[in-house]
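Enquirer: I would like the atomic coordinates for the input below:
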Amino acid sequence: QVQLVESGGGLVQAGESLRLSCAVSGRTFTNYAMAWFRQAPGKEREFVAGISWSGGRTNYADSVKGRFTISRTNAKNTAHLLMSSLKPEDTAVYYCGASTVTYGENWASYSDWGQGTQVTVSS
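Expert: Predicted coordinates:
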């Protein structure tokens with residue numbers, strides 16, 4: 001079983017930046033593609049960004065393209081999400097997910113999840 005622990009959330013003002021981290025343990029990190037999803041109150045969990053096993057390929061939701069950057073450091077078993085030019089509509093709980101088969105948008109394809117970290121963007 002793989003364990004995922006997110007960190008780095010907080011309260012920021014619109015236009016500011018925030019960097020989330022996801023520390024992975026329990027299994028070989030490079031066996032997993034990684035992704036970030038988010039869920040706002042009253043809304044379904046939505047895909048934010050995904051990254052391939054080696055980190056060579058990435059995938060972003062249209063709503064965050066050009067503002068967010070996903071990365072991973074395989075030597076440290078960690079994935080990151082750098083969020084810039086944050087907007088109030090980015091407010092949500094952010095979850096990292098791990099998958100052995102995809103880095104795409106379907107949350108059901110991810111077998112393991114962290115507990116989430118709250119990001120709040122004030123206007």
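
Enquirer: can you give me the strands for this protein?
Expert: Secondary structure of the chain (DSSP state E): strands at 3-7, 10-13, 18-25, 33-39, 46-51, 58-60, 68-73, 78-83, 92-99, 112-113, 117-122.

Enquirer: what's the closest non-adjacent residue to the residue at the greatest distance from the centre of the chain?
Expert: The centre of the chain is farthest from one residue, Ser123, which by C-alpha atoms, centre = their mean lies 22.5 Å away. Ranked by C-beta to C-beta, 6 or more residues apart in numbering and with sequence neighbours excluded, the top spatial neighbour of Ser123 is Pro88, at 4.8 Å. Every residue, glycine included, has its C-beta placed from N, CA and C.

Enquirer: and the one you found, what does it touch?
Expert: Ala14, Val121, Ser122, Ser123 (C-beta atoms under 8 Å, 6 or more residues apart in numbering).

Enquirer: which two in those residues are spaced the farthest apart?
Expert: Val121 and Ser123 (7.6 Å; C-beta to C-beta).

Enquirer: mutual contacts of these two, please.
Expert: Common neighbours of Val121 and Ser123 (C-beta under 8 Å, 6+ apart) are Gln13, Ala14, Pro88.

Enquirer: per-residue confidence for the last one?
Expert: Right, Pro88. On the pLDDT scale, Pro88 is placed at 97.

Enquirer: ok, how many other residues are close to the closest residue in space to Gly97 that isn't next to it in sequence?
Expert: Sequence neighbours aside, Tyr110 is the residue nearest to Gly97 in space, at 3.5 Å (criterion: C-beta to C-beta, 6+ apart). When neighbours are defined as other C-beta atoms under 10 Å, Tyr110 has 25 of them.

Enquirer: ok, now which ones touch Tyr110?
Expert: Here Tyr110 is in contact with Ala35, Phe37, Gly97, Ala98, Ser99, Thr102 (C-beta under 8 Å, 6+ apart).
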